[in-house]
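Novice: Need a 3D model of the sequence below.
(chains A, B and C)
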Amino acid sequence: MRKLSVRTPAEGLVNITGLVEAALEGHTGLVYLFVPHTTCGLLVQEGADPDVARDLLARLDELAPRFHPKDRHAEGNTHAHLKTLLTGVHLLLFAEGGRLKLGRWQQVFLAEFDGPRTREVWVRPL
Amino acid sequence: MRKLSVRTPAEGLVNITGLVEAALEGHTGLVYLFVPHTTCGLLVQEGADPDVARDLLARLDELAPRFHPKDRHAEGNTHAHLKTLLTGVHLLLFAEGGRLKLGRWQQVFLAEFDGPRTREVWVRPL
Amino acid sequence: MRKLSVRTPAEGLVNITGLVEAALEGHTGLVYLFVPHTTCGLLVQEGADPDVARDLLARLDELAPRFHPKDRHAEGNTHAHLKTLLTGVHLLLFAEGGRLKLGRWQQVFLAEFDGPRTREVWVRPL
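Specialist: Residues are numbered from 1 along each chain as shown, chains lettered A, B, ... in the order given. A predicted model of the protein is given here:
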């Protein structure tokens, strides 16, 4: 397993496709990715039009608003935990000759909901 | 890896359980499924009462309405990208003797949010 | 594959980290978990502050209210099906020497949305 380090903004979808591929060393098969965090997730989404990421983050903010009058969690980031629940913390993907085998519009993103931070992505070729 | 082709309606949960099993050729172990798309997902849900799929799609429409005044993505299908984020694009399942090993009420669905289209499902016995 | 049995409350995040580890028998590698149910899910979230689970369940109730005037599913638990769709029914995790290899704040939960019941968790070291 390799641990990758990703520097993130306050909130955003950070494209990690190239970073993951750099760790594949020519691998063909499957690749498992995991983030050991509770307020950031992993997802596969469109990477061509940056408006997709922008719209997704804006709509997620409405589903999981930052302030909710009933929240009790003292850190005040329940919204980030909920967004992470919705995205999940792992991915399983195809790889071929060191490249991720994705659909035409797909890219792999670390979804930061509570940054800026330095996050880890654990990568394991299978 | 085998690539299955699925013809979809405008929106709907398409039961692909039989289609996937036809590609298993007696396999026992795990099965990995992936859709190389950004506006359709994969999920495991109840297949007995069609009202479950109907209700789920209706409620997802409220969580991710088709028109949102703040959307910028020019294709106008941000709602479908969000629904795909919520479902995910891959599954890992048990198989036994060429049949998916699921719970009593579970079936495997391709969740189409932006059809009608011809979608691919990539299948890999493990 | 081993089948674990989990007794659940009406609704709640049941920490199954220790239960899963008891089934690992010293395994190092990956671990696959699956619930053969349509109204409970699996997730990885913060286990340190119980307010996180409480807030998540409260916010999920708002995203998927128990009663919705348009629901048709006769069992009246469409909300639980939707919450399960949002969490997913499987996890893939790292294990090392019989312990789950998680982030500092992460624990593994069975998310019960339609209990109390006795649920199964299928575990397969890889």
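Novice: from chain A, which residue is nearest to chain B?
Specialist: Of all residues in chain A, A:Gly103 sits closest to chain B, with a separation of 2.8 Å (Cβ to the nearest Cβ). For glycine as for every other residue, the C-beta is placed from the backbone atoms N, C-alpha and C.
Novice: any idea which element the closest residue to that residue other than its chain neighbours lies in?
Specialist: Beyond its immediate neighbours in the sequence, the residue positioned closest to A:Gly103 (Cβ to Cβ, 6 or more residues apart in numbering or on different chains) is B:Pro36, lying 2.8 Å away. Under the criterion DSSP states H and E, no helix or strand holds B:Pro36.
Novice: ok, A:Ala10 touching A:Ala80?
Specialist: No: contact status for A:Ala10 versus A:Ala80: not in contact, 10.5 Å apart, counting by Cβ atoms under 8 Å.
Novice: For those two, indicate the residue with more neighbours.
Specialist: Set A:Ala10 next to A:Ala80 and count neighbours by other Cβ atoms under 10 Å in any protein chain shown: A:Ala80 wins out with 24 against 10.
Novice: Can you classify that one as helix, strand or coil?
Specialist: When the structure is reduced to helix, strand and coil (DSSP: H, G, I helix; E, B strand; the rest coil), A:Ala80 reads as helix.
Novice: Strands of chain A, start to end?
Specialist: According to DSSP state E, chain A carries its strands in the segments A:2-7, A:12-15, A:29-34, A:40-46, A:90-96, A:99-101, A:106-112, A:118-125.
Novice: among those strands, which is nearest C:Arg66?
Specialist: C:Arg66 lies closest to strand A:40-46 among the strands of chain A, at 26.4 Å (Cβ to Cβ).
Novice: Is any residue of that closest one near chain C?
Specialist: No: Strand A:40-46 does not reach chain C (Cβ under 8 Å from any Cβ of the partner chain); its nearest approach is 10.0 Å.
Novice: Columns mean neighbour count and mean pLDDT on top of the strands of chain A, output as a markdown table?
Specialist: Shown next, in a markdown table, are the strands of chain A (neighbours: other Cβ atoms under 10 Å in any protein chain shown; pLDDT from 0 to 100):
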| stretch | mean neighbour count | mean pLDDT |
| --- | --- | --- |
| strand A:2-7 | 13 | 98 |
| strand A:12-15 | 20 | 98 |
| strand A:29-34 | 20 | 98 |
| strand A:40-46 | 24 | 98 |
| strand A:90-96 | 20 | 98 |
| strand A:99-101 | 18 | 98 |
| strand A:106-112 | 25 | 98 |
| strand A:118-125 | 18 | 98 |
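Novice: Quick one, which of those gets closest to B:His68.
Specialist: When the strands of chain A are compared for distance to B:His68 using Cβ to Cβ, the nearest one is strand A:40-46, at 16.6 Å.
Novice: pLDDT wise, what is the residue in chain A that chain C sits nearest to at?
Specialist: With distances taken as Cβ to the nearest Cβ, chain A approaches chain C most closely at A:Pro36, which sits 2.8 Å away. If you check A:Pro36, the pLDDT there is 98.
Novice: who in chain A is up against chain C?
Specialist: With Cβ under 8 Å from any Cβ as the criterion, chain A comes near chain C at residues A:1, A:32, A:34-38, A:63-64, A:68, A:70-75, A:78, A:81-82, A:84-86, A:88-90, A:92, A:120, A:122, A:124, A:126.
Novice: Check those residues for burial and list the buried ones.
Specialist: Burial by neighbour count, 16 or more other Cβ atoms under 10 Å in any protein chain shown: within these this picks out A:32, A:34-38, A:63-64, A:68, A:71, A:73, A:78, A:81-82, A:84-86, A:88-90, A:92, A:120, A:122, A:124, A:126.
Novice: Now that A:Phe113 has come up, it's in contact with A:Gly41, right?
Specialist: Yes: shown here, A:Phe113 and A:Gly41 form a contact pair, counting by Cβ under 8 Å, at 7.4 Å.
Novice: quick one: common contacting residues for those two?
Specialist: Common neighbours of A:Phe113 and A:Gly41, using Cβ atoms under 8 Å, 6 or more residues apart in numbering or on different chains, are A:Lys83, A:Thr84.
Novice: what's the neighbour count on A:Thr39?
Specialist: So A:Thr39, with other Cβ under 10 Å, has 25 neighbours.
Novice: Run through the residues that contact it.
Specialist: Applying Cβ under 8 Å, 6+ apart, one finds that A:Thr39 lies in contact with A:Asn77, A:Ala80, A:His81, A:Lys83, A:Thr84, A:Phe113, A:Asp114.
Novice: From the centroid of chain A, which residue is nearest?
Specialist: The centre of chain A sits closest to A:Leu110, judged by Cα atoms, centre = their mean, with a distance of 2.2 Å.
Novice: Quickly list what that residue is bridged to.
Specialist: Here A:Leu110 sits in beta bridges with A:Val14, A:Leu42, as judged by DSSP bridges.
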